[in-house]
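A.B. asks: task: produce atomic coordinates for the following.
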Amino acid sequence: MSKTTASKKEKSSSGSWLGRFIMKSIVFCAGIGLCGALLAAMAIGLTWPNLPDLNAMTDYRPRIPLRIYSEDKVLLAEYGEERRNVLRFNEIPDSMKLAVLAAEDDNFYNHNGVDWSGVGRAVLANLTSGAKSQGASTITMQVARNFYLSSEKSFIRKFYELLLTYKIEDRLSKDQILELYLNQIYLGHRAYGFSAAARTYFGIPLSQISIAQSAMLAGIPKAPSRFNPKANLKRATERQHYILGRMLKLGYINQQQHDAAINEKMVIKSRDPESPDTQFARHGQYVAELARQLMYNIYQDNVYGRGLNVYTTVHSKDQQQAYHAVRDGILNYTRRKPYPGPVDQLELPAGIEQDTEKMADFLDSVKNKYPDSDDMLIHLVLSASPNKVVAIREAGQAIELTGTELNNAKRALVAKPSSKRHIQRGSVIYLQKVKGEWTIINMPEVEGVFVAMNPETGAIEAMIGGFDFNRGDFNRATQAWRQPGSIFKPFVYAAGLERGLTPETNISDQPFYLSAAKTGSKPWTPKNYGNSYTYSLTMRQALYKSKNMVSIRILEAVGPDFAMEFISRFGFNPARHPPKGAYLTMALGAGSVTPLQMASAFSVFANGGYRVNPYIIDHVTDPEGRVLMKAQPAKAGDEANRVLDPRTAYVMDDMLRGVARNGTAAKAQALLKRSDIGGKTGTTNQSFDAWFAGYTPKLVGVSWLGFDQPRSLGDRETGGGAAMPIWLDYMSKALPSVPVVKQGPLPAGLAKVGNNFFYSEFPQGQAIANLGVGGSGYAPGTEAGSAKPATGSGSGDAIGKLIESFNPLGGPPIRF
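C.D. replies: Okay, here's the model as predicted:
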């Protein structure tokens, strides 16, 4: 065989072997691929039916917080672990959508859930950098992960995410997917969704957001704890600038919009402090907290994620008026008292005010420790003398106080301070601007309350439970049990009317005495205010002047059993009032009541004798606006709610209007120029509590002033001087739009003779004309009950028998 032939055979054999190898490799790879495909198909076939149902997306119901609103739909408060405000796609600004697309997935509307070109870029970038510097998750993948999957990093979880992504893309439109993302994504500080984030970081609704703000919010999803502007504004700004650059490159914005956004200053705040909504949210905190407690009693912990909207009975304007009335009343009282000295005394390094950065840090620490209270702003004193104080709040912005601005703190300004009670360099003080001038004032120790309610329905129209809710959420309007003092006397007088007394019954005003044998302990010698006595007064005159001796004698005549039952008609708890053995002290208001309870009780006089229960929640809706609960209050006019004889209600209204015209509350009608105002002042022993309750037929209000730990307000502090100004301040703004209501016609069974009134069962000549006066009046040293009162008919025994035979409750007879 020739060499040429042999060579050809070798080449042929070699080519044949290579071909066979290639063919076998192709077959092998095809087999492997087919097996892989079969395995993948099997995996998909087994996994796809077990993927979660998409009902959670198509019927999206996120954990929306409990929201409390005023009657006029102003938001008071949100309660819940997650802050949310779900918006429809067309309600979300385009700038927000485009910023998110630029930041997270600019190819969103072109891919089918997985952006393979993006995956390639991410792999290349990560290989080049040697670390995971770029992700490839699309918006759809993030939605799948957020709704259904954990954040676990594993191939199985990633496989599920991939399949679920395709399932979502198959079932939902692109706009639906993006809407879910924009509402669901976590953005730090308990904010879920961009609508909640706009309020959390900028204090505005999403509809008002700028391009710059949109870009800053769009940068948060990458790392919510690190890129939110509250945690790190510098890093958030860097991320914002990157996103603005992406928006420009993608053609979402033009160069002018880009430059304007870059230069826009970012101001981070939860809400605009000057907006009406924010101000009312601050003013309505007591209302919101009470509503929250009531809702919690129904739903327990589940109340915070159901998206319930609670609409209260309080109107924002009325609540704001009440807030300022209480605050001004407390601050006016505080100014009447000696200035106690600075809040604190700090060591202020010499010359620190020349270093702006160090001064700013120092001031920040002061403001963190001693927060402002509305318009009472914390300041640090740089220098002080008897004639001038230089104080600072912001580095480089010192202010000087001179002249009348120092009046309130004169006693604390001395040439050579020697005590922490003196204002000096390093003193921490509060300043308040009054009528355009700064004034030094201390944080009040005294507290105050105002509550207003509709006497026809019981709807609470305003409620302030203290000076500053941020100092503690204790609501004194509903939780503080205080002695009512003289404000309780109208209920004693009303009981006397139902037992045969009249407004013109003549009653002894001489000192009263109970021996130790009667009290079971020490002798009881109550006194009139100012230790002033007369021989006798009519019931009407005594109520006008708030005479203690007359109230005691009326209650003694009424008797303990009837008295305890009678006050319970108004909603008072007899267990919180003096027991039977010491019941006479109830005539001076020795029991315990809350301001809200007192407002409810005075409503009975205002509405003609009906008991209406106070309520603060008008209705509750679900997130879709469907009404779940609606208040159905007991109303005045329904005889089923009557607790007081209409004649008694009419006569008491007449006398209480007289108190507001000629008595201790005469300022009420004089200043408000209304004839339909009734009211009563109240001052407890040693002026521990100051009260005023006043009303018209359409509105009842109660104000209170006192210390949480009871102590004297001061020797000359009374209900008329300390509490009534709060009531007048509120009513001067609330009543002008309310028409004056004249007294109606006399109820059946009631006759008017001159200024006096007579019940049909106690006609003129038979009603009690005198109590404790005449030949058998009380005198010092005389035990109560030892003397028989004379009567107008001259026949004490006859009247006594008449009264004994009459007991409207069917209980034991009471002899006057």
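
A.B. asks: which residues sit against the helix or strand hosting Ala288?
C.D. replies: Element membership of Ala288 [criterion: DSSP states H and E] is helix 285-299. For helix 285-299, contacts defined as Cβ atoms under 8 Å, 6 or more residues apart in numbering pick out 66, 68, 70, 76-77, 79, 281, 303, 306, 308, 310, 312, 314, 319, 460, 463-466, 469-470, 473, 475, 477-478, 616-617, 620. For the C-beta atoms, the positions are set from N, CA and C on the backbone; glycine is no exception.

A.B. asks: ditto for stretch 409-426
C.D. replies: 338-342, 345-348, 380-387, 389, 406, 429, 440-441.

A.B. asks: excluding chain neighbours, what is closest to Leu401?
C.D. replies: Nearest in space to Leu401, with sequence neighbours left out and distances taken as Cβ to Cβ, 6 or more residues apart in numbering, is Val389 at 4.5 Å.

A.B. asks: count of residues packed around that neighbour?
C.D. replies: 27 (other Cβ atoms under 10 Å).

A.B. asks: re the thing from before, filter the contacts of stretch 409-426 to the buried ones?
C.D. replies: Buried subset of these (neighbour count, 16 or more other Cβ atoms under 10 Å): 339, 341-342, 345-346, 348, 380-382, 384, 389, 406, 429, 440-441.

A.B. asks: among the residues you listed, which lie within strands?
C.D. replies: Gln345, Leu380, Val381, Leu382, Ala384, Val389, Ile429, Ile440, Ile441 (DSSP state E).

A.B. asks: so which of the residues you listed is the closest to Glu456?
C.D. replies: Ile441 (40.0 Å; Cβ to Cβ).

A.B. asks: from Glu405, how far out is that closest one?
C.D. replies: 11 Å (Cβ to Cβ, to the nearest Å).

A.B. asks: got it, and Thr681?
C.D. replies: Thr681 sits 34 Å away from Glu405, taking Cβ to Cβ as the criterion.

A.B. asks: settle it for me: which of these two has more neighbours?
C.D. replies: Taking other Cβ under 10 Å, Thr681 and Glu405 do not tie; Thr681 has more neighbours (29 against 19).

A.B. asks: in a strand, the more buried one, correct?
C.D. replies: Yes - counting by DSSP: H, G, I helix; E, B strand; the rest coil, Thr681 is located in a strand.

A.B. asks: surely it is in contact with Phe488?
C.D. replies: No - judged on Cβ atoms under 8 Å, Thr681 makes no contact with Phe488 at a distance of 11.5 Å.

A.B. asks: quick one: buried residues of the helix holding Ala288?
C.D. replies: Quick answer for helix 285-299 (16+ other Cβ under 10 Å): Gln285, Tyr286, Val287, Ala288, Glu289, Leu290, Ala291, Arg292, Leu294, Met295.

A.B. asks: starting at the chain centroid, how far to stretch 540-551?
C.D. replies: The chain centre lies 38 Å from the centre of stretch 540-551; the measure is Cα atoms, centre = their mean, to the nearest Å.

A.B. asks: please apply the same query to stretch 252-266.
C.D. replies: With Cα atoms, centre = their mean, you get 39 Å for stretch 252-266.

A.B. asks: for it, measure first residue to last.
C.D. replies: Length of stretch 252-266, first residue to last, Cα to Cα, to the nearest Å: 21 Å.

A.B. asks: what's the distance between the residue lying closest to Ala144 once chain neighbours are set aside and Val143?
C.D. replies: Of all residues not flanking Ala144 in the chain, Leu164 sits nearest, at 4.2 Å (Cβ to Cβ, 6+ apart). Relative to Val143, Leu164 is positioned 9 Å away (Cβ to Cβ).
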